[in-house]
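Q: Let's see this in three dimensions:
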Amino acid sequence: MTTTALRTVQVRYFAAAKSAAGRDAETVELPVGAGVEALATLLGERHGPEFTRVVARCSYLVDEVAVRDHSKPLPDNAVVDVLPPFAGG
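A: Numbering: from 1, shown residues only. Presented below is the predicted three-dimensional model:
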């Protein structure tokens, strides 16, 4: 029997991402080695096309640090913030 090793991450949603997800946070399990790109794909499958459209424009923080490489593996127990573009001045 083959078992896939998993990482647990806490995802927090803000603004339009929160509205599209219908919640402000959730815990997600991902295969070890998965990055923000894989997380966004999984969340899109979970929350539907409107969510996928919104997160395509989002930026991400992992443990309060901006993510540039969306394929970089997420650490176990990371906190991932999903941040839509903000308007303001």
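Q: and Ala20, how many neighbours?
A: With neighbours defined by other Cβ atoms under 10 Å, the count for Ala20 comes to 23. Where C-beta positions appear, they are placed from N, C-alpha and C, glycine not excepted.
Q: Which secondary structure state does it sit in?
A: Of the three states, Ala20 takes helix according to DSSP: H, G, I helix; E, B strand; the rest coil.
Q: now this structure, which segments are flagged as low pLDDT?
A: Low-confidence regions of the chain, defined here as pLDDT under 70, cover residues 1-3, 87-89.
Q: tell me which residues of the longest helix anywhere in it are tucked away?
A: The helix that spans the most residues within the chain, counting by DSSP state H, is helix 36-47. Using 16 or more other Cβ atoms under 10 Å as the burial criterion, the residues of helix 36-47 that qualify are 36, 38-40, 42-44, 47.
Q: swap in stretch 52-62?
A: Quick answer for stretch 52-62 (16+ other Cβ under 10 Å): 54-55, 58, 60-62.
Q: Columns distance to Val80 on top of the buried residues of helix 36-47, output as TSV?
A: Formatted as TSV, the buried residues of helix 36-47 follow (distance: Cβ to Cβ, whole Å):
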residue	distance to Val80
Val36	7
Ala38	11
Leu39	6
Ala40	10
Leu42	12
Leu43	10
Gly44	14
His47	14
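Q: Which strand or helix spans Ser8?
A: No Ser there; residue 8 is Thr. Secondary-structure element containing Thr8, defined by DSSP states H and E: strand 6-13.
Q: Sheet partners, orientation included, of that strand?
A: Within its sheet, and counting by DSSP bridges, strand 6-13 is paired with strand 25-31 (antiparallel), strand 78-83 (parallel).
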